[in-house]
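Peer 1: Sequence and predicted model, in that order:
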Amino acid sequence: MPIFGTLAVIASMTIALVGFPTQIYRNYKRQNCDGIAPVLIYSAFISYLLWTLYAWTKPDLFLIVTDTTGVILTSILILQNIYYKNKALR
């Protein structure tokens, strides 16, 4: 894997394995998603989803694992956003 590919995988894994779980936990503790733009969550989800689809066409385990993790974690953020928004409306 070229150096830039390796760096991209490391950066993506860092965001997926550190950034998103931290945000998910913070949302859970506060019981809201204030301060996060929904468009950011949805764009991250779409990006990870497209990269996951691409990764499945290539025999690249690093891309598959990293981007599938990103899809799962951004899905949780989307569900939190919907749940807490609906909870606030009740």
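Peer 2: Yep, that arrived.

Peer 1: Buried residues, the longest helix along the chain. List them.
Peer 2: Criterion DSSP state H: the longest helix present in the chain is helix 61-89. For helix 61-89, the neighbour count (16 or more other Cβ atoms under 10 Å) marks 62-64, 66-71, 73-74, 76-78, 80-81, 84 as buried. Just so you know, the C-beta spots here come from the backbone N, C-alpha and C atoms, and that holds for glycine as well.

Peer 1: Kindly report the same for stretch 12-26.
Peer 2: Ser12, Met13, Ile15, Ala16, Phe20, Gln23, Ile24.

Peer 1: Could I get the CA-only coordinates of it as PDB?
Peer 2: C-alpha atoms of stretch 12-26 as PDB (Å, rounded to 0.1, in the frame of the first residue of the first chain):
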ATOM      1  CA  SER A  12      -9.900   7.400   8.800                       C
ATOM      2  CA  MET A  13      -9.500   4.800  11.500                       C
ATOM      3  CA  THR A  14      -8.600   7.500  14.000                       C
ATOM      4  CA  ILE A  15     -11.800   9.400  13.200                       C
ATOM      5  CA  ALA A  16     -13.900   6.300  13.200                       C
ATOM      6  CA  LEU A  17     -12.500   4.700  16.300                       C
ATOM      7  CA  VAL A  18     -11.800   7.800  18.500                       C
ATOM      8  CA  GLY A  19     -13.900  10.700  17.200                       C
ATOM      9  CA  PHE A  20     -17.200   9.100  16.600                       C
ATOM     10  CA  PRO A  21     -17.400   7.000  19.800                       C
ATOM     11  CA  THR A  22     -16.400  10.100  21.800                       C
ATOM     12  CA  GLN A  23     -19.300  12.100  20.200                       C
ATOM     13  CA  ILE A  24     -21.700   9.200  20.600                       C
ATOM     14  CA  TYR A  25     -20.900   9.000  24.300                       C
ATOM     15  CA  ARG A  26     -21.100  12.800  24.800                       C
END
